[in-house]
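>>> Any chance you could fold what I've pasted below:
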Amino acid sequence: MELDFDGPLADRAYPILASLVVPRPIALVTTISPTGKVNAAPFSFFNVLGAEPPILAVAPGDRDDGTPKDTARNIRLTHEFVVNLVDEALAEAMNKCAASLPYGEDELQHAGLHPCESSVVKPPRILEAPVSLECKEWGTLNIGDNRVVIGLVKRLHLRDELFDPERKRVNSERLFLIGRMASPHWYCRTGDRFELIRPE
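From the prediction side, this is the model:
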C-alpha cells in the first residue's frame with residue numbers, strides 16, 4: 001500500500017506518522033516568559049541530533065487558532081529552555097502538563113511538580129525529572145506549519161545513581177524512561193531491552 005501525503009491523505013499525516021515512528025522520547029520542556037511565568041509542556045517530536053556540539057531538537061506546534069503554543073512563544077522571546085526527560089514515575093504528571101491552561105498559568109503546580117534552579121539558563125529544571133538538559137536556542141526552522149527549535153545543550157543534570165563517574169557512562173539499566181507510541185493516547189515502557197553487538 002502506498003500513501004500520498006501530497007494528496008487526499010495530507011490531513012492524516014500527523015496521526016499516521018505518529019503511529020508508525022515509535023517509540024519517540026518525550027521532552028517535558030520548561031520555559032519562562034519575560035515576566036517570569038514558568039511553562040511546562042510535553043513534546044514527543046523531539047530527539048538529540050549531534051554531539052559536537054551537543055544539540056537536540058524539539059518541535060512545538062501551534063494552537064488550533066494558529067497562535068504559537070507557550071513553549072514556542074517563550075523560546076522565541078528568551079532563547080532558553082530545559083528538556084526534562086520522563087520516566088515511569090513522572091508519566092502521570094507529564095500528562096497533566098499537556099492540559100491547555102491559559103497563558104501564564106503554572107503547569108508545574110497543576111501537575112504537583114516542583115521547579116529547581118538551573119545553572120546557566122533562566123527556565124527552571126523539574127526536581128522530579130531523572131534527567132534535565134539546559135539548552136540555549138541555536139535557531140528555529142520554520143518549514144510549512146512546522147517549527148523545529150534547535151537547542152545547544154549547555155548543562156546536563158541527572159540523578160547520582162544514573163552516572164558512573166569512573167567509566168563516565170550512564171547506568172542505563174537504572175533509567176526507566178517512557179516512550180510515545182501511537183496517536184493519540186499510547187505510550188510504552190523501555191524496560192524490555194536486548195543487546196546486539198555491532199559487527200567489526
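
>>> Quick one: the strands in this protein, in order.
Using DSSP state E, the strands found in the chain span residues 24-25, 27-32, 38-43, 46-51, 54-58, 80-85, 115-116, 125-126, 131-143, 146-158, 163-164, 169-170, 178-180, 187-189.

>>> could these be laid out in a markdown table, adding mean neighbour count, distance to D70 and mean pLDDT?
C-beta here means a position set from N, CA and C on the backbone, and glycine is covered the same way. Output for the strands of the chain, formatted as a markdown table (neighbours: other CB atoms under 10 Å; distance: least, CB to CB, whole Å; pLDDT from 0 to 100):
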| stretch | mean neighbour count | distance to D70 | mean pLDDT |
| --- | --- | --- | --- |
| strand 24-25 | 18 | 21 | 97 |
| strand 27-32 | 27 | 7 | 98 |
| strand 38-43 | 24 | 4 | 96 |
| strand 46-51 | 13 | 16 | 98 |
| strand 54-58 | 18 | 13 | 98 |
| strand 80-85 | 25 | 11 | 98 |
| strand 115-116 | 17 | 15 | 98 |
| strand 125-126 | 24 | 16 | 98 |
| strand 131-143 | 17 | 15 | 97 |
| strand 146-158 | 17 | 13 | 97 |
| strand 163-164 | 12 | 32 | 98 |
| strand 169-170 | 11 | 31 | 97 |
| strand 178-180 | 20 | 20 | 97 |
| strand 187-189 | 16 | 23 | 97 |
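
>>> for those, which one sits closest to E200?
strand 169-170 (21.4 Å; CB to CB).

>>> what lines up beside the closest one in the sheet?
strand 163-164 (antiparallel) (DSSP bridges).

>>> chain center to the partner strand, what's the gap?
With CA atoms, centre = their mean, to the nearest Å as the basis, strand 163-164 stands 23 Å off its chain's centre.

>>> Check stretch 15-22 too.
The mean C-alpha position of stretch 15-22 is separated from the chain mean by 17 Å, CA atoms, centre = their mean.

>>> hmm, back to that, now the strands of the chain as JSON lines including distance to S100?
Below are the strands of the chain laid out as JSON lines (distance: least, CB to CB, whole Å):
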{"stretch": "strand 24-25", "distance to S100": "21"}
{"stretch": "strand 27-32", "distance to S100": "15"}
{"stretch": "strand 38-43", "distance to S100": "10"}
{"stretch": "strand 46-51", "distance to S100": "19"}
{"stretch": "strand 54-58", "distance to S100": "18"}
{"stretch": "strand 80-85", "distance to S100": "19"}
{"stretch": "strand 115-116", "distance to S100": "21"}
{"stretch": "strand 125-126", "distance to S100": "19"}
{"stretch": "strand 131-143", "distance to S100": "22"}
{"stretch": "strand 146-158", "distance to S100": "18"}
{"stretch": "strand 163-164", "distance to S100": "36"}
{"stretch": "strand 169-170", "distance to S100": "34"}
{"stretch": "strand 178-180", "distance to S100": "18"}
{"stretch": "strand 187-189", "distance to S100": "20"}
